[in-house]
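1. Sequence plus the predicted model coming up.
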Amino acid sequence: MLKVRVIPIVLIDGFSVLKTINFKARRNLGSPITVLKTYNSRNVDELIILDIDSSKDSRDIDTFTIKDITKECFMPVTIGGGIDSIDKIQRVLEAGADKASINKAALSNPDFVTKASSIFGSQCIVISIDYTRTKEGCFVYDHTNSGVLKMKLTKWAKQMEVAGAGELLINSIDKDGVMNGFDIDAITAVANEVNIPVISAGGAANPNSFVEATSAGASAVAGSSIFHFTKYTPNDCSNVLNANGYLSRTSVVTMIE
Amino acid sequence: MKIGLINLNISNIASIKNALDFLSINYIVLGKNQVFQSCDKYILPGVGSYDVALQYLKQSGLNIFLTNEINLGKSILGICLGMQLLSECSSESVINSKGLNFIPGVVEKLPSTVRTPHVGWNNVNFIKKSSLFQQIPNGQDFYFVHSYHYLPLNKENIIGITDYGQDFVSVINNGNVYGVQFHPEKSQKNGLQLIKNFVQLC
């Protein structure tokens, strides 16, 4: 049976690992290589690395760091951050990433998703969607200009599925960094809307959060603050998932010989 | 021992290169060159589209080269789309592409009753013994990411199956031709062991 994936997200800002709260306040956490090598040695299911200022700064992707990270990473790595051209996807994949995460570029031009998916295969294309909850429901949020869009989360999710997304990574800005649980209703709504895997992010507080997200329909559950700032490891989350009837991969840490 | 790593120009071979480097396995990349160096064994990785991959294999002459090498008894391991290319045809094809046909069978889309693509760790259950799985226990998880699956014509070619909604074939073998639907280069310890086994034993 397919296992639920527990995925650490590492946010980088050019050279440092950092963490945000509600996409605003930032805390610097050191070198990406150290953080990522720790996850790698823990045999985590998968990794997501997002360079969160690439779009805003129009900075080019850092293929050196990607190569460094992925060289001895024998599980899938998704890279995101300012990926807005076929050429950038190509370079990210050539540098060792397995999937490219696209956010802003999809909002600017949905056809880019279709093109990317037809060239690289939908398996390589993760569409990242930031959202916020208002009185009227969940809407897409554009982090490059801090704007709430008029587009409903579920509508955009569906549009991206049709455009060729392989997976969706949905991030709640309201829940980001506060470690108070996921937006369960949002996960449920998106999981019911599409037939592609949904990865939920934003709000993981403890291993039970992962159970809640999974029962809401997430195929994979991602966390960032929880793994940086609490005692919980991805393996702890997998263990609790298993204890609650959701198959997840646990590992006794073994060195790859 | 020299492995010929096929580069289809659309797929990411960085991951498989990293795995081979880590395992200190000697390899050369075969792709854009017109004169192909003969190797001891071949790995055919693949991510992307059946049609685009086959077109590249045909235009580059790699399909003929590989067919000759297989007939000479050299072993080949197809990974993911690479495994699917070993088939006769695929419903993914929009131009009726003919596959390499090294292992008779067709490729179909996964049923719509399950989320597609099939992404993540899932376990492989052995139907037959294979040197590919030396030192790898039955029922281990490997990383899958695919929307299509292989239906071999002959049941004897089925080595391993995986459950996703229903059972599908995840490992195939016909003589010196092997195919795995999952990504061993992304499946940590067991995946690396499988690559090692292919190089040393198959």
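-> That came through, no problem. Residues are numbered from 1 along each chain as shown, chains lettered A, B, ... in the order given.
2. isn't A:Pro76 right next to B:Glu185, touching?
-> No - in this structure A:Pro76 lies outside contact range of B:Glu185 using CB atoms under 8 Å: 9.9 Å. C-betas here are computed from N, CA, C, even on glycine.
3. quick one, which of the two is more surrounded?
-> In terms of neighbours (other CB atoms under 10 Å in any protein chain shown), B:Glu185 is the more surrounded of A:Pro76 and B:Glu185; the figures are 30 against 25.
4. Run a quick neighbour tally on the closest residue to the more buried one other than its chain neighbours.
-> Spatial nearest neighbour of B:Glu185, chain neighbours left out: B:Ala19 (4.0 Å); criterion: CB to CB, 6 or more residues apart in numbering or on different chains. Counted with other CB under 10 Å, the neighbours of B:Ala19 add up to 23.
5. any idea which helix or strand carries B:Ala19?
-> helix B:14-22 (DSSP states H and E).
6. Give me the buried positions along that helix.
-> B:Ala14, B:Ser15, B:Ile16, B:Lys17, B:Asn18, B:Ala19, B:Leu20 (16 or more other CB atoms under 10 Å in any protein chain shown).
7. Equivalent analysis for stretch B:61-77, please.
-> For stretch B:61-77, by 16+ other CB under 10 Å, it's B:Leu62, B:Asn63, B:Phe65, B:Leu66, B:Glu69, B:Ile70, B:Lys74, B:Ser75, B:Ile76, B:Leu77.
8. How about stretch B:88-99?
-> In stretch B:88-99, counting by 16+ other CB under 10 Å, buried: B:Cys89, B:Ser90, B:Glu92, B:Ser97, B:Gly99.
9. neighbouring contacts of that stretch?
-> B:49-51, B:54-55, B:84-87, B:101, B:104-109, B:147-148 (CB atoms under 8 Å, 6 or more residues apart in numbering or on different chains).
10. same thing but at 7 Å, please
-> B:49-51, B:54, B:84-87, B:101, B:104-109, B:148 (CB atoms under 7 Å, 6 or more residues apart in numbering or on different chains).
11. Give me the residue ranges of the chain where confidence is low.
-> Assuming you mean chain A. A:14-17, A:53-61, A:252-257 (pLDDT under 70).
12. right idea, wrong chain: chain B
-> Using pLDDT under 70, chain B drops low at B:10-11, B:33.
13. for it, longest helix please?
-> Looking across chain B with DSSP state H, the single longest helix is helix B:188-201.
14. So which bits of chain B are right by chain A?
-> For chain B, the residues in contact with chain A (CB under 7 Å from any CB of the partner chain) are B:12, B:14-15, B:18-19, B:22, B:47-49, B:112, B:115-122, B:141, B:143, B:145-146, B:163-164, B:185-186, B:188-189, B:191-192.
15. rerun that using 6 Å as the cut-off
-> Within reach of chain A by CB under 6 Å from any CB of the partner chain, chain B has these residues: B:12, B:14, B:18, B:47-48, B:115, B:117, B:119-122, B:141, B:145, B:163-164, B:186, B:188-189.
16. Within range of chain B, give me the residues from chain A.
-> A:1-3, A:5, A:43, A:71, A:74-76, A:93-94, A:96, A:121, A:123, A:166, A:195, A:197, A:249, A:256.
17. Count the neighbours of A:Lys158 for me.
-> 16.
18. For the helix or strand hosting it, which outside residues touch it?
-> Assigned by DSSP H and E, A:Lys158 falls within helix A:153-163. The contact list for helix A:153-163 (CB atoms under 6 Å, 6 or more residues apart in numbering or on different chains) reads A:110, A:113-114, A:127, A:131, A:138, A:140, A:168, A:189-190, A:193-194, A:196.
19. Looking at the buried residues of stretch B:61-77, spot the one nearest A:Gly80.
-> B:Leu77 (30.6 Å; CB to CB).
20. what is A:Ile7 paired to in the beta sheet?
-> A:Ala222 (DSSP bridges).
21. is it true that it touches A:Ala222?
-> Yes - with contact taken as CB atoms under 6 Å, A:Ile7 and A:Ala222 are classed as touching, separated by 4.3 Å.
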